[in-house]
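Asks: need a structure here:
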Amino acid sequence: MDMGALRRRVAFGMAVLSTSGLLALAAPGTAQAAAVCPGREVETLPFSTGTVHIFRRGDYICAYTAPKNPGAKRTMSVSVQARGSRPVVDKGRYTRRAGPVTVHAGHRCVLVKGAVGGGSVSSGWILC
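Replies: All right, here's what the predicted structure looks like:
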């Protein structure tokens, strides 16, 4: 390989690394959320002790519950149910989040619930 081709490859590699670094700095919240659930965030359900984040990717719905103040272990849960199906639930004692849970919803409505400690929220039937 001649020196010109080597320089072009190194320059291209540096450009790719720089661009990915800038994207990571520009939207850290989005990058973090994308690591939890794929797709785009379509709803957030805030409540007194936390928030449920709901994502859609094609026919799939994914959700997780995050506490307002992460740190100490406490009871958390998240539940997603497509109409006509059983709910998919993640419940336990966590420090950062409950979930993610994913269901195939197709074109059906979904019911999403979340809880942290004594606070909770229910979406009602949404995304119909």
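
Asks: return the backbone torsion pair for the residue nearest to the spatial centre of the chain.
Replies: The geometric centre of the chain, computed from its C-alpha atoms, lies nearest to residue 37 (Cα atoms, centre = their mean), at 3.4 Å. Dihedral pair for residue 37: phi -130, psi 140, per degrees, to the nearest 10.

Asks: so who does it touch?
Replies: 53, 55, 62, 63, 64, 99, 100, 102 (Cβ atoms under 8 Å, 6 or more residues apart in numbering). For glycine as for every other residue, the C-beta is placed from the backbone atoms N, C-alpha and C.

Asks: over to residue 77?
Replies: By Cβ under 8 Å, 6+ apart, the neighbours of residue 77 are 65, 89, 90, 91, 92, 98, 113, 114, 115.

Asks: take these and keep only those in strands.
Replies: The strands, defined by DSSP state E, take in 65, 89, 90, 91, 92, 98, 113, 114, 115 from those.
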